[in-house]
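with the input below, show me the fold.
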Amino acid sequence: MEALSSLLSEYQSVVLGTQSENAYPFSSYAPFYYDGEIVYIFISNIATHAKNMQSRPKASAFFIEDELKSENIFARRRISLQCDVEMINRKADRFNIVMDNFQAKFEGGTLGMLMGMQDFNLYALKPIYGEATFGFGEAYNIGGEKMNELVPRTGDRGHKSK
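Next comes the predicted model:
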């Protein structure tokens, strides 16, 4: 079955869904790096979604095909991941490894400048469950040992909460 990595390689940003302190959903977006298992975002503490994830470390990560590239507006390719969130300490080895890969993905961008700003943090979004839809009747659950594979849907919704 196809790996999530090949599908997410088409995208540069992720739409984030977080929950505010008043329990309302909040949507925004961020550039991301995916290592084949974890979705990483590097965002400012000033951002509402950063505050939300710090208080409630869960988020949805949504990837959707550009509507101008889709033949049918109702059948856009999309992937939705429900994730646990962890902030990665700047002193951790993992921070430097991920940021090197992040910077390679966005070569020529402003990431280098942002890395020096102390109000920016790296967040790891670990998929717990998810689904992918590639048109009418072509739906998959996200599964596998590392939650990084498409699994044909068998009629169940695949939403397993912790």
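
bridged to the residue nearest to the spatial centre of the chain, which residues?
By CA atoms, centre = their mean, the chain has its centre lying nearest to residue 61, at 3.9 Å. Assessed by DSSP bridges, residue 61 has beta-bridge partners residue 16, residue 81.

what average pLDDT does the lengthiest helix in the chain get?
The single longest helix within the chain, with elements called by DSSP state H, is helix 93-105. The average pLDDT within helix 93-105 is 89.

centre of the chain versus it, how much separation?
16 Å (CA atoms, centre = their mean, to the nearest Å).

okay, now the unreliable bits of this protein?
For the chain, the stretches flagged by pLDDT under 70 are 1-2, 108-118, 155-162.

now do 90
Residues of the chain meeting the criterion pLDDT under 90: 1-7, 9-10, 23, 65-77, 90, 99-120, 133-139, 143-162.

quick revisit: state the distance from the residue nearest to the centre of the chain to residue 83.
Using CB to CB, to the nearest Å, residue 61 is found at 6 Å from residue 83. The C-beta positions use only the backbone N, C-alpha and C, and glycine is treated the same way.

ok, now residue 95?
18 Å.
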